[in-house]
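In: pasting the sequence and the predicted model now:
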Amino acid sequence: MPAKNPRSPRRKDIPAANVVVPRVTAKRFLGHGLPGEDVHKLAGKLIVVEGADGSGRSTQISQLVRWLEGAGHATLQVGLKRSTLVREELELAQQGNILSRTTLSLFYATDFADQLENAILPALRAGFIVLADRYIYTLMARDLVRGVDPAWLRNLYGIALVPDAVFYLDVSPAHLVQRVFAKSPALDYWESGMDLGLSRDMFDSFLKYQALMREAFRQLQRDYGFHIVDGERDPAAVSDELKEKIAAVLVGK
Amino acid sequence: MTKTFSELGFPGRLIAVEGLDGSGKSTQVHLLLKWLEQQGCRVFFSEWNSSALVKSATSKGKKQNLLTPTTFSLIHATDFADRYERQLVPLLRAGYVVLCDRYIFTAFARDVVRGCPPDWVRGLYSFAALPDLTFFFRADLEVSLARILDNRPVLKHHEAGMDMNLSSDPYESFRIFQGRIFEQYLAMSTEFRFTIMDANQRIEEQQGLVRKLVSARIDLKRFAANKPR
């Protein structure tokens, strides 16, 4: 009797058993890098999703995790303000708004460096697909909007690993504000850029601040190169686009 | 930044003292402070008085050995920025003479010895203006080491440079670490126009010279406390 065809109609819901092994491609640091760290042969992939709160980042990332794990890849999720070293202190600093510009900027960079060295790089060495819910570009955009020197930021984040793919979920401020209110009853102080004094009216400030952030991301896209994804579409359409581009990254394109 | 506070048009002046632990720099800056106060000068001694938050993160990192050369450098840069933006700049804008026991050069020397790229470290601190006067207290390495080690102090992990695996003996590690920092100081002394003090001299001789140099370089009359600016 011939062997059962694995693609028989009855089994079509079960994903294919052949797991694609991602191709190892050369990685590099943005600048000086980390002392004594060689990243050329890191087996894993670093995928970054950037975008404002309400742009659909978390929804997209959880979709990607499902999809990647379903396809046999181990994943790790990282994000901002999650380091062992300074997470709590950053949280308190934000609540009190007591640190000035350069201080806060360096504090966030410390948080980033701690996660890079203790979570991202070890996972990449072990061959994980690391999904970053925001990365240095959000940190840079926030600082650029607050008047920090772009050259200073480029040097500071010279320690960062250049991701295998960066997606910026682009949503207009007017659309964003609707999505924020669909989720929560109030606007966030920082996401409204209230520290900048753009307007005393929070709604007004939110729109102005998010427009500035969007412009900063466009500038960063020109300088650092990443995918700008139309985030106003149906989440499934956005997800399809991300999956298609990530699939290309995995085979080394 | 490659400009001093005076070159940037600040009404205040910043005097920094640098040198190894045990070089006697803290004694000298203390005596300078007392003299300037007695002259009726608007003077402020900036101690490392960072925000509770930054301090909490730094001490947690050190106690739990969470720090790598990069995070060590960044957390200290955060700490410095906090002190710079909250304390130094406002005082210098208000026209004070500010004395600093250690400034950015401490980080330049220490972080580079730990393996951070020199350009990167300098870039981190490029938001800070240069001091108007920097004294480098140069004592023979053995003299500085003896002043610290003769009391057999309990050296902290990072203080002894134990994170660099130079030696399993904290005292030996400290010697090697301080020796390397000393080389870094000497290497940047010309570039940053350090006023090099012979720290092997008697305390009074050094202080006499410090006071002369300060009066020659800074018009102290302008900083009289009773004189509104």
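Out: Structure received. Residues are numbered from 1 along each chain as shown, chains lettered A, B, ... in the order given.
In: residue B:106 contacts residue B:17, correct?
Out: No. Judged on CB atoms under 8 Å, residue B:106 makes no contact with residue B:17 at a distance of 10.2 Å. To be clear about C-beta, it is placed using only N, CA and C from the backbone, and glycine gets the same treatment.
In: who has more neighbours, those two?
Out: In terms of neighbours (other CB atoms under 10 Å in any protein chain shown), residue B:17 is the more surrounded of residue B:106 and residue B:17; the figures are 27 against 19.
In: need the three-state assignment for that one.
Out: strand (DSSP: H, G, I helix; E, B strand; the rest coil).
In: likewise for residue A:40?
Out: Per three-state DSSP, residue A:40 ends up coil.
In: what is the burial count for it?
Out: If you count neighbours by other CB under 10 Å, residue A:40 ends up with 9.
In: which ones are touching the closest residue to residue A:53 other than its chain neighbours?
Out: Of all residues not flanking residue A:53 in the chain, residue A:191 sits nearest, at 5.2 Å (CB to CB, 6 or more residues apart in numbering or on different chains). Residue A:191 makes contact with A:52-53, A:180, A:206, A:209-210, according to CB atoms under 8 Å, 6 or more residues apart in numbering or on different chains.
In: confirm residue A:191 sits in a helix?
Out: No. Read with three-state DSSP, residue A:191 is coil and lies in no helix.
In: for residue 42, grab the count of nearby residues.
Out: If you meant another chain, say so; for now it's chain A. 24.
In: that's the other chain; I wanted chain B
Out: Residue B:42, neighbours per other CB under 10 Å, totals 21.
In: in a markdown table, list the contacts of residue A:191 along with neighbour count and secondary structure.
Out: Output for these, formatted as a markdown table (neighbours: other CB atoms under 10 Å in any protein chain shown; DSSP: H, G, I helix; E, B strand; the rest coil):
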| residue | neighbour count | secondary structure |
| --- | --- | --- |
| A:52 | 26 | coil |
| A:53 | 17 | coil |
| A:180 | 21 | helix |
| A:206 | 23 | helix |
| A:209 | 25 | helix |
| A:210 | 26 | helix |
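In: between the residues you listed, which is closest to chain B?
Out: residue A:209 (21.8 Å; CB to the nearest CB).
In: ok, and the closest non-adjacent residue to the closest one?
Out: Distances taken as CB to CB, 6+ apart put residue A:193 closest to residue A:209, at 2.8 Å, once the chain neighbours are dropped.
In: phi first, then psi, for the one you found.
Out: Here is the backbone geometry of residue A:193 (degrees, to the nearest 10): phi 60, psi 30.
In: quick check: it vs residue A:211, distance?
Out: Residue A:193 is 10 Å from residue A:211, where distance means CB to CB, to the nearest Å.
In: those two: who's more crowded?
Out: residue A:193 (24 against 17).
In: thinking the more buried one is in contact with residue A:145, fair?
Out: Yes. Under the criterion of CB under 8 Å, residue A:193 makes contact with residue A:145 at 7.1 Å.
In: any shared contact partners between the two?
Out: A:209, A:212-213.
In: thought residue A:157 was touching residue A:136, still the case?
Out: Yes. With contacts counted by CB under 8 Å, residue A:136 reaches residue A:157, the gap being 4.6 Å.
In: low-scoring stretches of the chain, by residue?
Out: No chain was given, so I picked chain A. Where chain A drops to pLDDT under 70, the residues are A:1-16.
In: should've been chain B
Out: B:48-50, B:227-229.
In: got the residues of it near chain A?
Out: Residues of chain B lying near chain A by CB under 8 Å from any CB of the partner chain: B:51, B:53-54, B:56-57, B:60-61, B:66-71, B:74-75, B:77-78, B:81-82, B:84-86, B:114-117, B:119-120, B:123-124, B:126-127.
In: so which of the residues you listed sit within helices?
Out: B:53-54, B:56-57, B:60-61, B:69-71, B:74-75, B:77-78, B:81-82, B:119-120, B:123-124 (DSSP state H).
In: out of these, which are buried?
Out: B:53-54, B:57, B:60-61, B:69-71, B:74-75, B:77-78, B:81-82, B:120, B:123-124 (16 or more other CB atoms under 10 Å in any protein chain shown).
In: higher neighbour count, residue A:136 and residue A:157?
Out: residue A:136 (27 against 21).
In: any idea how far chain B is from that one?
Out: 13 Å (CB to the nearest CB, to the nearest Å).
In: quick one, helices of the chain?
Out: Went with chain A since none was named. Here chain A has its helices, by DSSP H, at A:57-70, A:87-96, A:101-115, A:121-125, A:136-145, A:150-156, A:173-183, A:202-224, A:235-250.
In: you answered for a different chain; I wanted chain B.
Out: Under DSSP H, chain B gives helices at B:25-38, B:52-63, B:69-83, B:89-93, B:104-113, B:118-124, B:141-149, B:170-188, B:203-217.
In: now the third one and helix A:101-115, what's the angle there?
Out: What that stands for is helix B:69-83. 160 degrees (axes from the mean of the first three to the mean of the last three CA atoms, to 10 degrees).
In: okay, now residue B:3: neighbour count?
Out: 11.
In: so how many other residues sit close to residue A:189?
Out: A total of 14 residues lie near residue A:189 under the criterion other CB under 10 Å.
In: gap between it and chain B?
Out: 17 Å.
In: now the most centrally placed residue in chain B: closest residue in space that isn't a chain neighbour?
Out: By CA atoms, centre = their mean, chain B has its centre lying nearest to residue B:102, at 0.9 Å. Excluding the flanking residues, the one nearest residue B:102 by CB to CB, 6+ apart is residue B:18, at 6.2 Å.
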